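1. Below: sequence and its predicted model.
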Amino acid sequence: MATTRSSILVVVTICFLLAAPPAYSERRGFFRATMTRNEPAINLTRAAHKSRQRLSILAARLLDAAASGSGSAQTPLQMDGSGGAYDMTFSMGSPPQKLSALADTGSDLIWAKCGACKRCAPQGSPSYYPNKSSSFSKLPCSSGLCRTLESQSLATCSAGAMCDYKYPYGLASDPHHYTQGYMASETFKLGGDAVPGIGFGCTTMSEGGYSSGSGLVGLGRGKLSLVRQLKVGAFSYCLTSDPSKSSPLLFGGAGALTGPGVQSTPLLKTSTYYTVNLTSISIGAATTPGTGRHGPQDDARNRETSAPRRRPAPAPCSRPWCCTSTAATWPSRRRTTSGRWKTA
C-alpha cells in the first residue's frame with residue numbers, strides 16, 4: 001500500500017515594536033530568506049543533553065546579571081553539531097558571495113568566517129572574502145554597533161581604530177568556545193533584495209565549532225541582530241521536518257501573519273529574549289498554573305521543550321552515586337560473610 005510522508009510544520013511569528021525611523025525594508029515591503037536543516041540525522045540523547053546545557057548556561061548568565069544589578073545578560077552562544085538546527089542561506093558582498101549560517105533567535109551578533117581563517121574550527125565550510133567585495137568596509141570604534149559590544153565588554157579598539165571583538169559562546173570559565181575578529185559593514189542579499197550597510201563580525205579566529213555553516217545569524221532583540229538592523233516590526237519562520245525541503249524566513253509585512261487560524265500572545269517586555277507569559281500547562285484533566293511572571297523562551301537553536309521543576313530537586317549527595325570524592329565523603333562499605341557488599 002502506498003503511503004505518503006507528511007511534514008510537520010512549526011510556524012513562529014514574532015512581532016515587536018522598535019523605536020526606529022522608516023527602514024529600507026519598509027520601502028521594499030518585506031524580505032524573504034530560506035533555511036535548511038543542517039543535519040537531518042539527529043542523535044536525540046545528545047541533542048537533549050546539548051539543549052539542557054544551553055539552558056544551564058543561559059540561567060547562569062541571567063543569575064549573574066541579577067546579582068550585579070545590570071538588568072541584562074550577555075547572550076550565550078554554545079555551538080554544537082548535534083543536529084536539528086537550521087542554516088539560513090544568504091549572500092554578502094558585491095558581487096554576492098553565497099553563504100549559509102546558523103539562524104539563532106537566542107542571540108544577536110551576526111558573524112561569518114573571513115578569508116582563509118586558518119585558525120577557525122571546523123575547517124571546510126565556505127568563507128566570506130572581503131578583498132573580493134567592493135561594498136565591504138570596516139566599522140570604526142565610534143560606530144553604534146561597536147559601542148554596543150563595548151558596553152558588554154566584548155570589544156576593544158585596536159591601534160588602527162578598528163573595532164576588535166571576542167565573543168564567548170558559553171561561560172567565561174570555558175575559554176574554548178568563542179569567535180574573534182573585527183566588526184565590518186557589508187551589503188546583504190536576502191532572496192532577491194540587497195540591503196546595504198549591515199554590520200557583522202568578520203571572524204578571523206574561532207574555537208568550538210559551528211556545525212556545517214559559515215557562521216551565525218543573530219535574530220534576537222538586541223541592536224546587533226539582523227532583525228533590528230533591518231528595522232522590521234515582525235518576522236516569522238516555518239520549520240519543516242522534511243530535510244529535503246527548505247523552510248521560509250520572512251521579514252517585514254509578510255512576517256506578520258493574519259487570518260482566522262492565527263493565534264498570538266504578547267512578548268514579555270522585561271525580557272531581553274523572546275519570552276512569552278506561561279499561564280498554565282494542561283495534560284489531560286490535570287492543570288498546573290503558572291506564576292504570571294515568567295515564561296518559555298523561543299530559541300531556534302534549542303531542540304528541547306523544558307520547564308523548571310515545581311519542587312526543588314533532591315540534593316545530589318542524597319544519592320551517593322551522584323557525589324564526587326571532593327564534594328562529599330563516600331559512604332563506607334564492607335563485605336559480609338555471604339559475599340555481598342553492605343553500605344554503612
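-> Sure, I can see it.
2. Show me the strands in the stretch 51-200 of the chain, by range?
-> With DSSP state E, counting those that start in this stretch as the criterion, the stretch 51-200 of the chain has strands at 86-92, 97-104, 111-113, 137-138, 155-157, 163-168, 178-190, 193-207.
3. Rounded mean pLDDT for the first one, please.
-> It stands for strand 86-92. In this model, strand 86-92 carries a mean pLDDT of 89.
4. Which strands border that strand, and is each parallel or antiparallel?
-> Sheet pairing here is set by DSSP bridges, and for strand 86-92 it gives strand 30-37 (antiparallel), strand 97-104 (antiparallel), strand 178-190 (antiparallel).
5. so which of the ones you listed comes closest to A234?
-> Set against A234 and scored by CB to CB, these come closest in strand 30-37, at 9.3 Å. For glycine as for every other residue, the C-beta is placed from the backbone atoms N, C-alpha and C.
6. That closest one to strand 193-207, inter-axis angle?
-> Strand 30-37 and strand 193-207 are oriented at 40 degrees to each other (axes from the mean of the first three to the mean of the last three CA atoms, to 10 degrees).
7. what residues does strand 30-37 touch?
-> Contact with strand 30-37 is made by 25, 84-90, 100, 103, 190-191, 193, 195, 230, 232, 237, 239, 243, 246-255, as judged by CB atoms under 8 Å, 6 or more residues apart in numbering.
8. on that earlier part again, in TSV: the strands of the stretch 51-200 of the chain, plus mean neighbour count and distance to G222.
-> TSV is the format used below for the strands of the stretch 51-200 of the chain (neighbours: other CB atoms under 10 Å; distance: least, CB to CB, whole Å):
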stretch	mean neighbour count	distance to G222
strand 86-92	23	17
strand 97-104	23	12
strand 111-113	28	14
strand 137-138	13	21
strand 155-157	17	14
strand 163-168	22	12
strand 178-190	22	14
strand 193-207	20	12
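9. so which of these comes closest to C146?
-> Closest among the strands of the stretch 51-200 of the chain, once you apply CB to CB, is strand 163-168, at 3.7 Å.
10. contacts for that closest one?
-> Outside strand 163-168, the residues touching it (CB under 8 Å, 6+ apart) are 74, 76-77, 109, 111, 138-141, 143, 145-146, 149, 154-158, 174, 177-183, 201.
11. For it, which strands pair with it and how are they oriented?
-> Strand 163-168 has the following strand partners under DSSP bridges: strand 155-157 (antiparallel), strand 178-190 (antiparallel).
12. show me where pLDDT drops low in the chain?
-> Along the chain, segments meeting pLDDT under 70 span 1-30, 37-84, 121-122, 159-160, 169-176, 208-212, 254, 270-271, 290-344.
13. so where do the helices sit in it?
-> Along the chain, the segments classed as helices by DSSP state H run 24-28, 44-68, 144-151, 226-230.
14. and K223, what are its phi and psi?
-> phi -70, psi -20 (degrees, to the nearest 10).
15. is it true that it touches C146?
-> No - here K223 does not reach C146: they are 10.9 Å apart, not a contact under CB atoms under 8 Å.
16. who's more crowded, those two?
-> Remark: of K223 and C146, C146 carries more neighbours, 25 against 16, as counted by other CB atoms under 10 Å.
17. Quickly list what the residue lying closest to that one once chain neighbours are set aside is bridged to.
-> Spatial nearest neighbour of C146, chain neighbours left out: C163 (3.7 Å); criterion: CB to CB, 6 or more residues apart in numbering. For C163, the beta-bridge partners are C157 (DSSP bridges).
18. Next: P140.
-> Going by DSSP bridges, P140 forms beta bridges with M162.
19. ok, now S91?
-> Judged by DSSP bridges, the bridge partners of S91 are K98, K189.
20. so how far is A33 from it?
-> Using CB to CB, to the nearest Å, S91 is found at 10 Å from A33.
21. correct me, but T89 touches L102?
-> No - contact criterion CB under 8 Å: T89 and L102 do not qualify, at 11.5 Å.
22. thinking again about what came up before, any idea which of the strands paired with strand 86-92 gets closest to L278?
-> The closest of the strands paired with strand 86-92 to L278 is strand 97-104. By CB to CB, the value is 22.0 Å.
23. Tell me how many other residues surround the closest residue to P289 other than its chain neighbours.
-> The shortest distance from P289 to any residue other than its chain neighbours is 5.0 Å, reached at S280 (CB to CB, 6+ apart). Using other CB under 10 Å, S280 has 9 other residues around it.
24. and the residue nearest to C146, how far is that from T36?
-> Separation of C163 from T36 (CB to CB) stands at 31 Å.
25. and T287, how many neighbours?
-> 10.
26. Give me the nearest residue to it, chain neighbours excluded.
-> Among residues not flanking T287 along the chain, S280 sits closest, at 5.3 Å (CB to CB, 6+ apart).
27. pretty sure that neighbour contacts T288?
-> Yes - counting by CB under 8 Å, S280 touches T288, with 6.2 Å between them.
28. closest one to P130 among the strands paired with strand 86-92?
-> Proximity to P130 (CB to CB) singles out strand 178-190 among those, at 7.0 Å.
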